[in-house]
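Participant: Sequence first, then the predicted structure:
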Amino acid sequence: MLKNIVKYSALLGAFLFCTSLEAQFTQSSYSAFGVGDINWGGYSQNAGSGGFGISYNNKFFHNNLNPALTASNYEAIFQIGASFDSRTFNNGDESYSSFTGGFKDFAFSLPIKYGKWNMALGLTPYTSVNYGIIQTSPGPENSIKISQLSGSGGIDEAYMTHALRLGNFLVGLKTSYLFGSIERDTEFLLSGIPSLTFSSSIYNERRSFSDVTASVGLAYKVEVKENHFLNFGAFYNLEANVRSRNLTRFESQDINGNIFSSDTLKNNVDTDISIPQRIGFGVSYEKSQRFAFGIDVQAQPWSQYIDETGLASGSFGDAFRIAVGGELLPNPEVSKAGARITYRFGLHYEKTPYLINSQEVNDFGINFGTSLPLNGFWGVSNLNLGATFGNRGNVTDGLIRENYLKLSIGFSLQDQTWFARQKYN
């Protein structure tokens, strides 16, 4: 009894600590547009295989790519993850580097009816905004006009999933609450005029978001020979009409950074934005608890995105993502922890929704990962690591090329004793 109390207290404490953090897990100059960078889904174990996982899930981990695959878990599962992003930006003339990272996601899955009905709760980013851009141009009296653009925040997704197992057929429903805020600052400065009595003017915009949406998923497994399976999966995420509340201010600062003028231009102005529906399909082949590989495709028509003005933006096109990946567990029956290491690999190609000067922004990455079993922890626990080497955009037509290294670190725990009925007291 005391052991279970310690378990639950530790897990609850981790959840409460992490939900208080802002999930700045990635960065991109292109997140200056719309509601920021899209999170296509997946946890730390998916990151090592390119985000692959619409049709396949290892039973020791939770899957949020396809709601139906929550039913592939038989036991209770807890997992938590963080992500770190090191990125170099190049506009063709100069380059600079930046680093960010922190808490990314949390999930808890448990059986309602063993082998038939599972439920999951989770928290994960839906979009992310994290950028800093400096623009310069000639000003009056041989001065230089400097514009510093920065943004942070994003939309988060808290979800509940229910999934049923009907033989080899799985079906799931995920209901989600979208919430969060995005803050953008534009600071205007004049450099090179010593007689100036002011330092800068700042245009600040903060938008808060909230909405409820849902997605449905299906999965089917066909046994082609003993312990060898062909898997199919698909999901559909509904369009979300998200409520947006706007607070806009304009400030002027003196040369010491003190605010001497501040005006509120908009306060608690409510509008709606429309985030388009998303669909995904996947197929994979596996040998149970030995290896799996497959391909996933996701698509989202961001050309249908409606911004706060009620109009479609010309800065967005239709987005899609292709992931090819797999995992290998060479010696699952060997008791030594070192022999039970899972290896992952993958590739991804993404056509992002951004259209800059009518040019598409594409993203390509190579992915590697592993799960390291942790002896001495409760149940079946793993340290999950993933790394992505990739690039986005180019240096032509006013675009920025981003070369990046993303690291994903997660902890997962499966324990069959949490919800097992005791036979002896």
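Facilitator: Received it, and whenever you're ready, just let me know what you need. Numbering: from 1, shown residues only.
Participant: So for the chain, which residue is the most central one in space?
Facilitator: With distances taken as CA atoms, centre = their mean, Asn39 lies nearest the centre of the chain, 3.5 Å away.
Participant: what's it sitting at in phi/psi?
Facilitator: Dihedral angles of Asn39 (phi, psi; degrees, to the nearest 10) stand at phi -100, psi 110.
Participant: Could you shift the numbering so residue one becomes 15, and keep it that way?
Facilitator: With 15 as the first residue, the last one maps to Asn53.
Participant: In terms of pLDDT, where does it sit?
Facilitator: Looking at Asn53, its pLDDT is 93.
Participant: next one: Asn270
Facilitator: 64.
Participant: Same check on the one 4 residues further on?
Facilitator: Phe274 is assigned a pLDDT of 70 by the prediction.
Participant: Now do stretch 59-72, average pLDDT.
Facilitator: On average, stretch 59-72 scores 94.
Participant: May I see the buried residues of the helix or strand where Tyr363 lies?
Facilitator: Using DSSP states H and E, Tyr363 sits in strand 356-370. Buried positions in strand 356-370, judged by neighbour count with 16 or more other CB atoms under 10 Å: 356-362, 364-370. Just so you know, the C-beta spots here come from the backbone N, C-alpha and C atoms, and that holds for glycine as well.
Participant: can you pull out the strands in the stretch 315-439 of the chain?
Facilitator: 333-342, 356-370, 373-387, 394-406, 415-429 (DSSP state E, counting those that start in this stretch).
Participant: Where does pLDDT dip in the chain?
Facilitator: 15-39, 155, 206-212, 268-272, 346-353, 389-393, 430-439 (pLDDT under 70).
Participant: 50 instead, please
Facilitator: 15-36 (pLDDT under 50).
Participant: Okay, helices next: where are they in it?
Facilitator: 16-33, 58-61 (DSSP state H).
Participant: So which elements touch the longest strand along the chain?
Facilitator: Once the chain is assigned using DSSP state E, the strand that runs over the most residues is strand 212-239. Using 3 or more CB pairs under 8 Å, 6 or more residues apart in numbering; DSSP states H and E, the elements in contact with strand 212-239 are strand 183-205, strand 242-251, strand 254-268.
Participant: Return the residues in contact with the closest residue to Gly247 other than its chain neighbours.
Facilitator: Spatial nearest neighbour of Gly247, chain neighbours left out: Ser69 (3.3 Å); criterion: CB to CB, 6 or more residues apart in numbering. Counting by CB atoms under 8 Å, 6 or more residues apart in numbering, Ser69 makes contact with Asn80, Ala233, Asn245, Phe246, Gly247, Gly296, Val297, Ser298, Gly308, Asp310.
Participant: got those residues as CSV, with distance to Asp99 and neighbour count columns?
Facilitator: Below are the contacts of Ser69 laid out as CSV (distance: CB to CB, whole Å; neighbours: other CB atoms under 10 Å):
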residue, distance to Asp99, neighbour count
Asn80, 25, 31
Ala233, 31, 29
Asn245, 31, 23
Phe246, 33, 17
Gly247, 28, 27
Gly296, 26, 24
Val297, 30, 16
Ser298, 28, 23
Gly308, 26, 24
Asp310, 22, 31
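Participant: With distance to Lys118 added, can I get the strands of the stretch 315-439 of the chain in TSV?
Facilitator: Below are those laid out as TSV (distance: least, CB to CB, whole Å):
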stretch	distance to Lys118
strand 333-342	18
strand 356-370	17
strand 373-387	15
strand 394-406	11
strand 415-429	7
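Participant: Would you tell me which of those strands gets closest to Tyr88?
Facilitator: Smallest distance to Tyr88 across these (CB to CB): 8.9 Å, for strand 415-429.
Participant: What residues sit buried inside that closest one?
Facilitator: Buried residues in strand 415-429 (16+ other CB under 10 Å): 415-418, 420-429.
Participant: among the helices and strands packed on strand 212-239, which is nearest Asn381?
Facilitator: So among the helices and strands packed on strand 212-239, strand 242-251 is nearest, using CB to CB, at 19.3 Å.
Participant: ok, and the closest non-adjacent residue to Asn376?
Facilitator: Nearest to Asn376 is Lys365, by CB to CB, 6+ apart, at 5.7 Å.
Participant: Relative to Ile52, how far out is the one you found?
Facilitator: Between Lys365 and Ile52 the computed distance is 11 Å (CB to CB, to the nearest Å).
Participant: Please enumerate the shared neighbours of the two.
Facilitator: Ala333.
Participant: neighbours of the closest residue to the residue nearest to the centre of the chain other than its chain neighbours, just the number please.
Facilitator: What sits nearest to Asn53 in space, not counting adjacent residues and going by CB to CB, 6+ apart, is Pro139, at 4.6 Å. Residues near Pro139, counting by other CB atoms under 10 Å, number 24.
Participant: you'd agree Pro139 is up against Asp119?
Facilitator: Yes: if you go by CB atoms under 8 Å, Pro139 and Asp119 touch, sitting 7.2 Å apart.
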